[in-house]
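> Turn this into a structure:
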Amino acid sequence: MHIAEALDSDLEDVLFVERVAFEQDEEAELVRALMADPSARPLVSLLAREEERPVGHILFTTARLEGAPDVSVAILAPLAVVPDAQGRGVGGALIERGLVLMSEAGVDLVFVAGHPGYYPRHGFGPAGRLGFEPPHAIPAKHADAWMVHALTPGLLGAVRGKVICADALDEPEYWRE
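Here you go, the predicted structure:
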């Protein structure tokens, strides 16, 4: 497997992965919108390929923490792996490579609204309990899906606030599940 930053010329491959992984167009259209959204920049878009075939994609977009302007924040959304490549470490490899790039870029905290059985394996933990509010309310039964990964030691417990996401991601329906 080869992971590289997605180029503009890779957009159709990125959208292919999103459509096939989620079996719908919603995530692909969100990715398209985020990649064109100036408020999402800087962003990191990584594409995983196996023998030139696109099999996974991850997107990190900039965000900010209300009340903590000196803390650099990003949101991981979405992560997609085509069904026949799932369970083989593609998603984990994309997360790990992305977190390295985020750290190298000086990002302090990375947030995700995702499966609470999956993301903790990659260093994410519940964000709400630590005082980090999502851009929109998440139903209580899914509260543990809102997670954070600290790339800078000492921030968890020292800062808190509401995460403000990119305009294209700032829709309540993206935060319901």
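
> use CA for all of it now, contacts and neighbours both
OK.

> following whichever helix or strand R19 is part of, which helix or strand comes up?
In this structure, R19 sits in helix 11-22 according to DSSP states H and E. Next along the chain after helix 11-22, taking DSSP H and E as the criterion, comes helix 26-36.

> Can you check what angle separates that next one from helix 11-22?
Computed by axes from the mean of the first three to the mean of the last three C-alpha atoms, to 10 degrees, the angle separating helix 26-36 from helix 11-22 equals 150 degrees.

> Summarise which helices and strands helix 26-36 is packed against.
Helices and strands touching helix 26-36, by 3 or more C-alpha pairs under 8 Å, 6 or more residues apart in numbering; DSSP states H and E, are helix 11-22.

> buried set for the helix it packs on?
For helix 11-22, the neighbour count (16 or more other C-alpha atoms under 10 Å) marks 11, 13-22 as buried.

> Would you reformat those residues as a markdown table and include distance to S45 and pLDDT?
As requested, those are exported to a markdown table (distance: C-alpha to C-alpha, whole Å; pLDDT from 0 to 100):
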| residue | distance to S45 | pLDDT |
| --- | --- | --- |
| L11 | 10 | 95 |
| D13 | 12 | 97 |
| V14 | 9 | 97 |
| L15 | 12 | 97 |
| F16 | 14 | 97 |
| V17 | 12 | 97 |
| E18 | 12 | 97 |
| R19 | 16 | 97 |
| V20 | 17 | 97 |
| A21 | 16 | 96 |
| F22 | 17 | 94 |
